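Colleague: What follows is a predicted protein model with its sequence.
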Amino acid sequence: MANMTRYSDLPPLPAYTLTPREPLIAAIPDNVLLLILPIIAYWVVSLIFHWIDVNDYFSQYRLHTPAEVLKRNHVTRWDVVRDVVVQQLIQTAVGLVLAYFDEAEYTGKDEYNIMVWASRIRIAQRMIPGLFSAIGIDAAGLAKKLSSHPMLAAVVSGGKYPSLTQSILTASGETVVAPAFASWEISTARMLYWFGIPALQFVFATFFVDTWQYFLHRAMHMNKWLYTTFHARHHRLYVPYAFGALYNHPFEGFLLDTAGTGLAFLVTGMTSRQGMWFFTGSTIKTVDDHCGYAFPLDPLQHLTSNNAAYHDIHHQSWGIKTNFSQPFFTFWDRILNTRWTKGDVSLRYERSRNAAQKMMDEDDTKEGSAGSQADSLSCKEEEESVSRNIISRSVRRKTVFSPQTENLKTISHRLNGSIRQK
């Protein structure tokens, strides 16, 4: 019979063998795919919103009319596309440089890590008798009373499971008896490892990004040089639309978006596949916040207090020094009193809408004479003409909101609900 030795400490951890993680898509390393997916998501989601725009669908949920998009913005759509592409190229270049220095990711250690967490749970149980003693409870006596519930009694007594053992074979070929984990310890460790820790990583990453962007974004507004040199470019879009979400000065885009999310990824220790979810989700959220629609069934506009209606106020001249939070939550605006709190905004929106429509009507009266001067159009005028053609069907068919929002009542409700909640 083999010699039997009894371990008296924690259950032993399993051996493991590391193997390189296979890429999610063959021939594309995961740390490169995480750079590609956010760009794909940006343009897919943006083009869906653009398709809605040019076909004038769901006009009852617009925050602004097509006339406002054309007449109030100080930059053409093509300039926006160009600058977004530039930012994405910079973002990708930085990511590729960092990816070059990344260590390879391996698999094969998951079960070992789960058992590490099970060990921590066992160690944490050792503090229970001391905690009970501090409040006048005899843990040993309580454990005896719970003898009909052996697992609960073992927890109360400080994680003592004398009946839980396992036979293992050592490297020398010797069979030994060692302590074993309780099934609840292993189940709890699995939940922590697969769900609890990743959830905490994502929560902290969103907090990090929100904090990073709030204070830098606020500084961009409070410092005149920073605003005129960098951030003023983004505010040429008084009427935001989806693919203008990343329309920034390249330096600002790198500092706020690329550096902020990149540091959150590194600080939290996410894997490349976690990064795919985080970067892609952050990108979609940013696009959604600039989409120009307050959809009642859009989950991204209800899961967090920051949404298109909330951020749109920041893009208006009268709200530009408020609502700095982006892209997820608004806690810094609430804590530091920078939320819009000046009441109903419906009249302000209505004035902007009427002014843009008036400019459109004036332009329509000049269309005849403009046609005779078509050959002398400047580059900017040609681009505006292209932009007008893109939304001409929408503008000429309907230059006001549908009857449901003719008085901006429902939009006012959504906007003010976003501002006044909590």
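Modeller: On my side now, so go ahead. Numbers count the residues shown, from 1 in each chain.

Colleague: Quick one: mean pLDDT for the strand or helix carrying Ala178?
Modeller: Ala178 belongs to strand 175-179 when assigned by DSSP states H and E. Averaged across strand 175-179, pLDDT comes to 87.

Colleague: Quick check: which helices or strands does it pack against?
Modeller: Packing partners of strand 175-179 (3 or more C-beta pairs under 8 Å, 6 or more residues apart in numbering; DSSP states H and E): strand 165-169. In this view, the C-beta of every residue, glycine as well, is placed from N, C-alpha and C.

Colleague: tell me how far the strand it packs on is from the chain's mean position?
Modeller: Distance, stretch centre to chain centre, for strand 165-169: 46 Å (C-alpha atoms, centre = their mean, to the nearest Å).

Colleague: Sheet partners, orientation included, of it?
Modeller: Strand 165-169 sits in its sheet next to strand 175-179 (antiparallel), going by DSSP bridges.

Colleague: In the strand it pairs with, which residues are buried?
Modeller: By neighbour count on 16 or more other C-beta atoms under 10 Å, the buried set for strand 175-179 is 176, 178-179.

Colleague: do stretch 38-45 as well
Modeller: Buried residues in stretch 38-45 (16+ other C-beta under 10 Å): 38-39, 41-43, 45.

Colleague: For the protein, which helix or strand comes out least confident on mean pLDDT?
Modeller: Taking mean pLDDT, DSSP states H and E as the measure, helix 409-420 is the helix or strand of the chain with the lowest mean score, a mean of 46.

Colleague: burial count for the residue nearest to Thr65 when sequence neighbours are not counted?
Modeller: Nearest residue to Thr65, sequence neighbours excluded (C-beta to C-beta, 6 or more residues apart in numbering): Arg353, at 5.4 Å. Other residues lying near Arg353 total 21 when counted by other C-beta atoms under 10 Å.

Colleague: Likewise for the one 5 residues further on?
Modeller: Number of residues near Lys358 (other C-beta under 10 Å) recorded here: 12.

Colleague: Check what pLDDT it gets.
Modeller: Predicted confidence (pLDDT) for Lys358: 81.

Colleague: Would it be right to say that Ala171 lies in a strand?
Modeller: No - read with DSSP: H, G, I helix; E, B strand; the rest coil, Ala171 is coil and lies in no strand.

Colleague: give me every residue that touches it.
Modeller: By C-beta atoms under 8 Å, 6 or more residues apart in numbering, the contact list for Ala171 is empty.

Colleague: hmm, back to that, the strand or helix carrying the residue nearest to Thr65 - contacts with which helices or strands?
Modeller: Using DSSP H and E, Arg353 maps to helix 346-365. If you count contacts as 3+ C-beta pairs under 8 Å, 6+ apart, helix 346-365 packs onto helix 66-72, helix 409-420.

Colleague: do that again at 6 Å, thanks
Modeller: helix 66-72 (3 or more C-beta pairs under 6 Å, 6 or more residues apart in numbering; DSSP states H and E).

Colleague: Which SSE is immediately downstream of the helix it packs on?
Modeller: Sequence-wise, the next helix or strand downstream of helix 66-72 (DSSP H and E) is helix 77-101.

Colleague: State the mean pLDDT of the next helix or strand after that following helix.
Modeller: Using DSSP H and E, the helix or strand that follows helix 77-101 towards the C-terminus is strand 106-107. Mean pLDDT, strand 106-107: 94.

Colleague: so what strands line up beside strand 106-107?
Modeller: Partners of strand 106-107 in the sheet, by DSSP bridges, are strand 19-20 (antiparallel).

Colleague: So which elements touch the helix or strand following the strand it pairs with?
Modeller: Using DSSP H and E, the helix or strand that follows strand 19-20 in sequence is helix 30-54. Helix 30-54 is packed against helix 77-101, helix 272-289, with contacts defined by 3+ C-beta pairs under 6 Å, 6+ apart.
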